[in-house]
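>>> Quick one: sequence and predicted model below, then my questions.
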Amino acid sequence: MIKAIAGTKDILPEDISKWYLIENIVKKVMGSFNYKEIRTPVFEETRLFARGIGEATDIVSKEMYTFTDRSDTSVTLKPEMTAAVVRALIEHSLDRKQVLNKLFYISPMFRQERPQAGRYRQFHQFGAEALGSQSPQLDAEMIIMPYDIITSLGLKDVKVKINSLGVPESRENYKKILKEYLTPHFDKFSEESKKRFETNILRLFDSKAENDQQIMEDAPLLIEYLDDASLEHFEGVKQTLLDSGIPFEIDPKLVRGLDYYTHTTFEVISGSVGSQSALCGGGRYNLLVEQLGGKPTPGIGFAAGIERIILACENENSLNLPPESLDLYIVDINRDNSALAAKTALIFRRKGFTVEFDYTGRSVKAQMREANRSNAKFALMLGGDELERGETVLKNMETGDQQILKIDSLEEFTNLLKV
Ligand code: HAM
C-alpha cells in the first residue's frame, strides 16, 4: 500500500468543518482590519528564501524542500510566506499603487522537520503582512488579529509574548557583549549551541538543552542594550496593546528563528498542545524589502499554524460545530424511480438546499435509516399510489408531520423546506 509521506496529512471530510470554520473566521477578522488576500505560487526560486530568511537559520540550512527542476533552476517549496509576499510586492510594484499594503494569506507550507504532534512537513498557515508603515499601531494590530482569531475559537490557555530586537546596529553591539559573556562557558554548551555560537548566537536563548538554559539564565539581555528610538517604538506597541485589552508579557529571551526581524517580535503560545506550543509567531522586518531588491519599505507580519490551532481546540474541546445535516432526503419507495429522484433533487438543489437520494438501490428501510443517519430535516417519498396520482409525500423528520404535494408543481413548494 502506498501511504502519505511522513509528516503530511490528509484532511478528511469528517474534519473539514473545522478548517472551514477557521478559514471563515480568518477572512472575517482580516477583512474587518481591511487586509486583502494574496496567493503566491507554492514554489519559488531557492535564493529568495536563502536571502530572505537567512542562510544560517534552521529553515534554510536544514529544512527546505529544494530541488533542481528540468531547466536547472534551483526551486524550493515555500517554507513560509513573508519572503514570497515581499517578492510579489516588489515584482508588481504594489508600493507604487498605495503607500501601505495590507495583505493576508492562507496557504500550505513545507519544512522537512522531524514530524511529531503539532509539527508536520506540510502544514498550513494563515497570516498577514503589512508593508509601508512603521506605525506601532500596526505592530499591535499584528498581535490583536491572531489573538482575536484564536480566542474566538474558544481557546483559553493562550499567552502572548512580545520582545524587541531593535535595529541591527544595537544588536551587533549586543552580540559582542553576549559573546564575551558566554565565551568562558563555551565548552559546556551542547554541540548545536556551539555551532550557533558562531553562526547565530541569539538562538542560544532557544536551546532546549538544560545545561544551555542554565548558562543563558543570567546572560545579558538585548532589551537592555536597545537604542532610544527602538525603545520608544516598543513603548508605543505596548501602549496600544494595553489600550486594546490584550493580555501580554514581555519575554526578553524571545528571539525567533528567522533572520529578517527588527524591532517587535511576538508569539502566541498555547498551554494545551505539548512541546510545539507556538500557535503563532511574527514580527517587524524593516530591512527585508531592501535586502530583496526593493526600495526601503518597513514591514511587519505574523503567521499562525492551523494544524496546531486545531490540535489546541481539540485538546481544550473548544469548538462548537453544528452536526452535519441534510435539508432533504428523497426516498425512492419502489426502487424504480431513480431518474425521477435525480430530477426532483435537482429542483431543490438549484434552490440552494442540500439534497441526497439513494444511488445504490437500497431498500426503503435502508433509505429511511440513511435519511436519519444524515440528519435529514425532511424526507420526500416518491412512489406507491401517491405517485400514480401524480403526488408525493413530504415528511418533516422531526415532527413526523406529512404533507401531500403535486409532483408537477414542486418548484412552488421548495419554501416548505425553510424551517
Ligand atoms: P514561524 O514561527 O516559522 O514564522 O511559523 C509561524 C507558525 O507556523 C508557528 O508558530 C507554528 O504555529 C506554525 N508552524 C511552523 N512550522 C510548523 C510545522 N513544521 N508544523 C506545523 N506548524 C508549524 C513564520 O513562518 C514567519 N513567516 C512569520 C512572520 C510573518 N513573520 C513576519 N511575518
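Yes, it's here.
>>> residues from this protein in reach of the ligand?
80-82, 111, 113, 119-120, 123, 125, 127, 129, 258, 278-283, 301-305, 307-308 (Cβ under 6 Å from any ligand atom). Heads up, the C-betas are built off the backbone N, CA and C, glycines and all.
>>> which secondary structure element contains residue 211?
helix 210-217 (DSSP states H and E).
>>> Quick check: what element follows that helix along the chain?
Following helix 210-217 in sequence, per DSSP H and E, is helix 228-244.
>>> Buried residues, that following helix. List them.
230, 233-234, 236-238, 240-241 (16 or more other Cβ atoms under 10 Å).
>>> quick one: which of those residues is nearest to residue 3?
Minimum distance to residue 3 across the buried residues of helix 228-244 is 45.0 Å, recorded for residue 241 (Cβ to Cβ).
>>> Which element, helix or strand, includes residue 392?
Assigned by DSSP H and E, residue 392 belongs to strand 391-396.
>>> Return the distance of the following helix or strand past that strand from the chain's centre.
Going down the chain from strand 391-396, the next helix or strand is strand 402-406, by DSSP H and E. Offset of strand 402-406 from its chain centre (Cα atoms, centre = their mean, to the nearest Å): 47 Å.
>>> which residues touch residue 368?
When contacts are counted by Cβ atoms under 8 Å, 6 or more residues apart in numbering, residue 368 is found next to 331, 379.
>>> pLDDT wise, what is it at?
At residue 368, the model reports a pLDDT of 96.
>>> same thing with the one 4 residues further on?
Here, the pLDDT recorded for residue 372 equals 96.
>>> cool, the one 5 residues further on as well?
pLDDT, the model's per-residue confidence, is 96 for residue 377.
>>> Can you tell me the number of residues neighbouring it?
Residue 377 has 18 neighbours, counted by other Cβ atoms under 10 Å.
>>> That one and residue 216: what is the separation?
60 Å (Cβ to Cβ, to the nearest Å).
>>> So which bits of the strand holding residue 392 are buried?
Buried residues in strand 391-396 (16+ other Cβ under 10 Å): 391-395.
>>> low-confidence ranges in this protein?
Counting by pLDDT under 70, the ranges of the chain that qualify are 419.
>>> tell me which element residue 367 is part of?
Assigned by DSSP H and E, residue 367 falls within helix 364-373.
>>> next one: residue 264
Per DSSP H and E: strand 262-270 holds residue 264.
>>> For the next helix-or-strand element following that strand, name the packing helices and strands.
Using DSSP H and E, the next helix or strand after strand 262-270 towards the C-terminus is strand 278-284. Taking 3 or more Cβ pairs under 8 Å, 6 or more residues apart in numbering; DSSP states H and E as contact, the helices and strands that strand 278-284 lies on are helix 136-152, strand 262-270, strand 299-305, helix 306-316.
>>> Next, the distance between the ends of stretch 383-403.
15 Å (Cα to Cα, to the nearest Å).
>>> Please point out which parts of it sit buried.
383, 386-387, 391-395, 397.
>>> and those residues, which two are the farthest apart?
For the buried residues of stretch 383-403, the maximum inter-member distance is 20.2 Å, found between 387 and 397 (Cβ to Cβ).
>>> Just the buried subset of the residues of the chain next to the ligand, please.
80-82, 111, 113, 119-120, 123, 125, 127, 129, 258, 278-283, 301-305, 307-308.
>>> Which phi and psi values does residue 337 adopt?
Main-chain torsions, residue 337, degrees, to the nearest 10: phi -130, psi 40.
>>> How about it, nearest residue that isn't a chain neighbour?
residue 382 (5.4 Å; Cβ to Cβ, 6 or more residues apart in numbering).
>>> Repeat that for residue 404.
Per Cβ to Cβ, 6+ apart, closest to residue 404 is residue 391, 5.3 Å.
>>> Contacts only, for the one you found.
With contact set as Cβ under 8 Å, 6+ apart, residue 391 has these partners: 404-407.
>>> Can you tell me which of those residues lies closest to residue 18?
Distances from residue 18 to the contacts of residue 391, taken by Cβ to Cβ, are shortest for residue 405, at 37.3 Å.
>>> wouldn't the closest one be in contact with residue 389 here?
No. Assessed by Cβ atoms under 8 Å, residue 405 is found out of contact with residue 389, at 11.5 Å.
>>> Just the closest residue of the stretch 151-300 of the chain to the ligand, please.
Nearest to the ligand, among the residues of the stretch 151-300 of the chain, is residue 281, at 3.2 Å (Cβ to the nearest ligand atom).
>>> which residues does that residue bridge with?
residue 267, residue 303 (DSSP bridges).
>>> The closest residue in space to residue 362 that isn't next to it in sequence - how many residues pack around it?
Excluding the flanking residues, the one nearest residue 362 by Cβ to Cβ, 6+ apart is residue 370, at 7.1 Å. Neighbours of residue 370 under the rule other Cβ under 10 Å: 19.
>>> so who does residue 370 touch?
329, 356, 358, 362 are the contacts of residue 370 under Cβ under 8 Å, 6+ apart.
>>> Next: residue 53.
Taking Cβ under 8 Å, 6+ apart, one finds 59-60, 79-80, 83, 258-260 in contact with residue 53.
>>> Let's have those residues in CSV, adding secondary structure and distance to residue 204.
Output for the contacts of residue 53, formatted as CSV (DSSP: H, G, I helix; E, B strand; the rest coil; distance: Cβ to Cβ, whole Å):
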residue, secondary structure, distance to residue 204
59, helix, 18
60, helix, 18
79, coil, 22
80, coil, 22
83, helix, 25
258, coil, 16
259, coil, 15
260, coil, 19
